[in-house]
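Undergrad: Sequence first, predicted coordinates after that:
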Number of protein chains: 2
Amino acid sequence: MSADPLRSGDLFADAPSRLEKEETAVLADLPGARIERIVSTGQASPDGFWYDQDLTEWIVVLSGSAGLRIEGEAAARILGPGAWLEIPPHVRHRVDWTDADEPTVWLAIHGR
Amino acid sequence: MSADPLRSGDLFADAPSRLEKEETAVLADLPGARIERIVSTGQASPDGFWYDQDLTEWIVVLSGSAGLRIEGEAAARILGPGAWLEIPPHVRHRVDWTDADEPTVWLAIHGR
């Protein structure tokens, strides 16, 4: 963020290297979609927890890596920089792990 | 794209290194937003051309670099990896240049 008359920023700026919790920042809140940057530093979803969302979520990992588990799949999907995934409503999923050595920067778009 | 039951892909896969024209791929077409990957290899907007859009466009450069000119600003904004910008409806803009040496990969989200 800045004194820029337009909203602008840098996805990789101020990505903390060690966090107690994941950090989520809303970058844009459009009529049709919310765009978030999420930074993880080794966090995972709590044991037994599944996200179950009413809206489509489109995610991409931009740095670091993560293991994303889709309910019913045998193993976590390993996502590295550039890997994107569209998660339809009510497809249950969880984060099994995120990179312990470097920040994992995600971009998440929640459709309306 | 793949035989994956979910839609998935890699933003950096198959980014052509030399293109006659910019390449735009729709990655997701959600009710509230359209998500596109754009690859530029040195292209610029035609002389005198300005984009003038009815919808908010949120863009981020993920590799390469570009000079994005906003109407009324003295100079192009230089965008490198991670730089994002929210362009409100009818804020006229053009691409003055894109990196001639490596592909510029953009993610563009068009809100509805």
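TA: Looks like it arrived, so ask away.

Undergrad: Tell me which residue of chain A lies closest to chain B.
TA: A:G32 (2.5 Å; CB to the nearest CB). Backbone N, C-alpha and C define where each C-beta goes, glycine included.

Undergrad: Would you list the phi and psi of that residue?
TA: Backbone torsions of A:G32, given as degrees, to the nearest 10, read phi -100, psi -10.

Undergrad: you'd agree it is up against B:D29?
TA: No: using CB atoms under 8 Å as the test, A:G32 is too far from B:D29 to be in contact (11.4 Å).

Undergrad: Count residues in the vicinity of A:D52, would you?
TA: 11 (other CB atoms under 10 Å in any protein chain shown).

Undergrad: I'd like the distance between it and A:R94.
TA: Remark: distance between A:D52 and A:R94 (CB to CB, to the nearest Å) = 10 Å.

Undergrad: Name the SS class of the closest residue to A:W106 other than its chain neighbours, please.
TA: Excluding the flanking residues, the one nearest A:W106 by CB to CB, 6 or more residues apart in numbering or on different chains is A:I38, at 4.2 Å. Three-state call for A:I38 (DSSP: H, G, I helix; E, B strand; the rest coil): strand.

Undergrad: Run through the residues that contact A:I38.
TA: Under the criterion of CB atoms under 8 Å, 6 or more residues apart in numbering or on different chains, the neighbours of A:I38 are A:22-25, A:105-108.

Undergrad: With A:V95 instead?
TA: A:V95 sits next to A:40, A:43-45, A:66-69 when contact means CB under 8 Å, 6+ apart.

Undergrad: which of these lies closest to A:G80?
TA: A:A66 (8.4 Å; CB to CB).

Undergrad: Report how many residues lie close to the nearest residue to the closest one once chain neighbours are set aside.
TA: Nearest residue to A:A66, sequence neighbours excluded (CB to CB, 6+ apart): A:T98, at 4.6 Å. A:T98: 25 surrounding residues under other CB under 10 Å.

Undergrad: Equivalent analysis for the one 10 residues further on, please.
TA: A count of nearby residues for A:A108, using other CB under 10 Å, gives 17.

Undergrad: didn't it look like it was pressed against A:W58?
TA: Yes: if you go by CB under 8 Å, A:A108 and A:W58 touch, sitting 7.3 Å apart.

Undergrad: Strands of chain A, residue ranges please.
TA: All strands of chain A, identified by DSSP state E, fall at A:7-10, A:23-29, A:33-40, A:57-63, A:66-70, A:77-79, A:83-87, A:93-98, A:104-111.

Undergrad: mean confidence score for the fourth one?
TA: This means strand A:57-63. For strand A:57-63, mean pLDDT is 96.

Undergrad: in it, what counts as buried?
TA: The neighbour-count check on strand A:57-63 (16 or more other CB atoms under 10 Å in any protein chain shown) flags A:57-63 as buried.

Undergrad: A:T98 versus A:S45, what's the distance?
TA: A:S45 is 10 Å from A:T98, by CB to CB.

Undergrad: need the residues of chain A near chain B, please.
TA: Taking CB under 8 Å from any CB of the partner chain as the criterion, chain A approaches chain B at residues A:6-13, A:27-28, A:30-33, A:35, A:56, A:58, A:60, A:62, A:70, A:77, A:81-88, A:91, A:107, A:109, A:111-112.
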